[in-house]
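Q: Got a predicted model here, sequence first, then my questions.
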Amino acid sequence: MTKEKRNRAWYGKNDRDGFIHRSWMKNQGFPDHAFDGRPIIGICNTWSELTPCNSGLRDLAEGVKRGVWEAGGFPVEFPVMSLGETQMKPTAMLFRNLLAMDVEESIRAYGIDGVVLLGGCDKTTPGQLMGAASVDLPTIVVSSGPMLNGKWKGKDIGSGTDVWKFSEDVRAGEMTLQDFMAAESGMSRSKGVCMTMGTASTMASVVEAMGMSLPTNAALPAVDARRMALAHLTGKRIVEMVEEDIKLSQVVTRASIENAILANAAVGGSTNAVIHLLAIAGRVGIDLTLDDFELGSDIPLLVNCMPSGKYLMEDFCYAGGMPVVLSHLRDKLRRAQTVMGGDILAYAEGAECYNEDVIRPLDNPLRPAAGLKVLRGNIAPNGAIVKPSAATDALLEHEGEAYVFENIEDMKANIDREDLPVTADTVLVLKGCGPKGYPGMPEVGNMPIPARLVKEGVRDMVRVSDARMSGTAYGTVILHVSPESNAGGNLGLVQTGDRIRLSVGQGTLDVLVSDEVLAERRAVWVPEPPRYDRGYAKLYTETVLQADKGADLDFLVGKDTRPVTRESH
C-alpha cells in the first residue's frame, strides 16, 4: 500500500484550509493537477550575491526542477539564510545555527515531501544538514562546486592558501604590494567555492562519502555543464526517494559518519569538519565524540590538494574525484546506505584514476597518516585538535614559553611590534575566540607569525587558541581548545612566560604549571562580559555548546518529527 504523501495535509483537503493552500499557490500559474498527490519537493536554496561561493545556485535550482518534473514531482524553491564566509562579520559560524533553525522550521512548516539542499559555502552545507536532520524527510545535497583554478603569472594559485602565503611574503618584504593586489584579481575566476580543499570542498567531499549526494558531487567545477546535469539527476532521484521513503536518518548513520571521518583524512580535509560532523550527529541522535575522529588518524593522505598538497579541486575532479578516493578506501569503509538506495561501495564502482600525482594510490601516499589528531591535557581537558598534514613535522613535538594575547584586539595591536619578546620557539596563545567569547568561534586560530620573525624567515610556529581556522589554512595550529577561555577553561589562565608542552604523538597539550597555581589564578579570574545583550547573538551566547559538542545551541540538539496539525486559519 502506497503511503500517503505528507503534502496531502496541506493540499489534499476539500475544506476551507485546502482551498487556501491551493488557491494562493495557483497565483504562480500552477494547474490543478500539480496538487494531485504527486511528491512535492522543496528546493532549499542558499543563493545570494553576498555569498559568492553560492552565486551559481540560482541556475542549479533550475536543473533540479527539470529533474523533479521529469520524475513526476512538483518542485517548489524556497530561500533560507545564506552565509557568506568571506563577507560576514564577526564570523559566519555565529550564524550556522540560525541557518539550521531557518531550514528546520521552513521544512516543517511547508507542505513538502522531500528536500534538495543547495549549499556550498563553508557553513551552508552543515547548517542545512543540521536543520534537515531535525525534521528527517527524504533529503539530498547538491553542492555549488569549486571555482576554476586561480591563475597568476602563469601558475595556479589557490583561494585561501595562497592568500595566507602571499600576506606573509608581503610582511617579510619578499612580495610587493603591487603583486599582491594583482594576484587578487586572478584568484577567484568563476562562481563557486574555494578551489582548495578548504571547508566548503571538504564538506562536499564528506557529504559524498556519507552517501548524501550523488557520486561526483564534490569536485565537479561550479561552471562545468556536468554539475547542471548532476542537479537534474538529483531532482529526479529525490522524487524516487520520496516514493521509496528513504529518510535522512537512514543515510546519516554512525557508519556513514565514520566513512566521512575516514574520507576527511584521505583528502586532507578541513579541521572544521570535526565541529560540523559533531553537530550533525547530535541532530540525528548519534553519540559522536572527539575520540571518534581518531578513526582517521592512520589513514594515508591520498589527495594532493592545497593546503596539504600542491594541486587544486579542478585537478582533483579531472583525476577522478571522490569515487577514486572511495575506491582506494574500499577495504576500510563501513557498509552504509546512500541516497541511491544501495551501499556506499557502489559509488566506487568503475572509478578510474587519471592522475596518480593528484590522487595517490595507497602504496604511495602523500603522507602515511593524515587524520586529524585529538589533544588533551590541562589546557584542553575536553579536547583540542590539530591537522598534522598541514603542520611542520618538527613542531609536532615541542616545548616553549607562551606569549599570550588576551583577545583578538590585543593580537592585532601587538603582533607586528618590533620589540615583541618572542622567538621561533615561542608558543603563541590567543584567548577569547571560542563560541561564547568572540562570539561565534572565528577562523583566527592561524595567527600571523610576528613581523620580526617573518623577516627572519620564520614561517611556522606553534599556535594555541579556542578559535577555528580556515580549511584553506596551514601551520602547526592547535584549535578548538575546550572548554574555551570565556567559559572558564584553563586556557584563560595561561600567562606569558608559562611553558607549554605539545606532543601530537602522545595526544597531549599542557601548560607546565601546578594545579595549585592554576587554582590561585582561577580564584582571581574575571570573565569578560558578553559582547551582545539582545537578539540572536544573545541567544547564541547563552545557549551555545562547546566545540567538543559541535557548538550547536543546546535546545536544538535532536529532532522533532511530529506532524504539524494546527492550521493558520
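A: Ah, there it is.
Q: As a check, name the ranges of all strands in the stretch 301-450 of the chain.
A: Using DSSP state E, counting those that start in this stretch, the strands found in the stretch 301-450 of the chain span residues 373-375, 383-386, 397-405, 427-430.
Q: For these, give me TSV that also has distance to residue 469.
A: Placement of C-beta: from N, CA and C, glycine included. Shown next, in TSV, are these (distance: least, C-beta to C-beta, whole Å):
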stretch	distance to residue 469
strand 373-375	15
strand 383-386	10
strand 397-405	15
strand 427-430	11
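Q: So which of the ones you listed is nearest residue 11?
A: strand 383-386 (47.1 Å; C-beta to C-beta).
Q: how about the strands of the stretch 301-450 of the chain, which one is nearest residue 298?
A: Nearest to residue 298, of the strands of the stretch 301-450 of the chain and by C-beta to C-beta, is strand 373-375 at 10.8 Å.
Q: Surely residue 481 is in a helix?
A: No - with DSSP: H, G, I helix; E, B strand; the rest coil as the criterion, residue 481 is strand rather than part of a helix.
Q: and it, what pLDDT?
A: We have a pLDDT of 98 for residue 481.
Q: do the same with the one 10 residues further on
A: Model confidence at residue 491, given as pLDDT, is 98.
Q: ditto for residue 296
A: For residue 296, the pLDDT comes out at 89.
Q: hang on, it packs against residue 261?
A: Yes - here residue 296 reaches residue 261: they are 4.7 Å apart, a contact under C-beta atoms under 8 Å.
Q: Looking only at neighbour counts, state which of the two leads.
A: residue 261 (26 against 23; other C-beta atoms under 10 Å).
Q: OK, contacts around that one?
A: Each residue near residue 261 by C-beta atoms under 8 Å, 6 or more residues apart in numbering is listed here: 277, 292, 293, 295, 296, 371.
Q: Dump the strands of the stretch 301-450 of the chain into CSV; add mean pLDDT and distance to residue 223 as well.
A: Output for the strands of the stretch 301-450 of the chain, formatted as CSV (pLDDT from 0 to 100; distance: least, C-beta to C-beta, whole Å):
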stretch, mean pLDDT, distance to residue 223
strand 373-375, 96, 36
strand 383-386, 97, 34
strand 397-405, 98, 41
strand 427-430, 98, 38
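Q: Could you pull up the residues touching residue 217?
A: Counting by C-beta under 8 Å, 6+ apart, residue 217 has contacts 141, 142, 143, 204, 207, 208, 230, 322.
Q: How is it assigned, secondary-structure-wise?
A: coil.
Q: And it, what's its pLDDT?
A: 98.
Q: Now do the shared contacts for residue 296 and residue 261.
A: With C-beta under 8 Å, 6+ apart, residue 296 and residue 261 have common neighbours residue 371.
Q: Pull out the buried residues from the host helix or strand of residue 238.
A: Per DSSP states H and E: residue 238 is located in helix 225-244. Buried residues in helix 225-244, counting neighbours by 16 or more other C-beta atoms under 10 Å, are found at 227-228, 230-243.
Q: same deal with stretch 530-540?
A: Residues 537, 539, 540 are the ones in stretch 530-540 that count as buried (16+ other C-beta under 10 Å).
Q: For residue 562, grab phi and psi.
A: The phi/psi pair for residue 562 (degrees, to the nearest 10) reads phi -60, psi 140.
Q: could we number from 589 for the rest of this?
A: Fine by me, first position is 589 from now on; the one you just mentioned is residue 1150.
Q: How many residues are close by residue 1097?
A: Count around residue 1097 with other C-beta under 10 Å applied: 27.
Q: Past the helix or strand where it lies, which element shows up next along the chain?
A: With elements taken from DSSP H and E, the one containing residue 1097 is strand 1096-1099. Remark: after strand 1096-1099, the chain's next helix or strand is helix 1103-1112, criterion DSSP H and E.
Q: and the next element down the chain from that following helix?
A: Using DSSP H and E, the first helix or strand after helix 1103-1112 is helix 1123-1131.
Q: Looking at that following helix now, give me its mean pLDDT.
A: Average pLDDT, helix 1123-1131: 97.
Q: Convert it to CSV, retaining C-alpha atoms only.
A: In CSV, the C-alpha atoms belonging to helix 1123-1131 read as follows (Å, rounded to 0.1, in the frame of the first residue of the first chain):
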residue,chain,number,x,y,z
GLY,A,1123,18.8,39.5,19.5
TYR,A,1124,20.1,36.2,18.1
ALA,A,1125,23.7,36.8,19.3
LYS,A,1126,22.5,37.0,22.9
LEU,A,1127,20.5,33.8,22.5
TYR,A,1128,23.6,32.1,20.8
THR,A,1129,25.9,33.2,23.6
GLU,A,1130,23.7,32.0,26.3
THR,A,1131,22.9,28.6,24.8
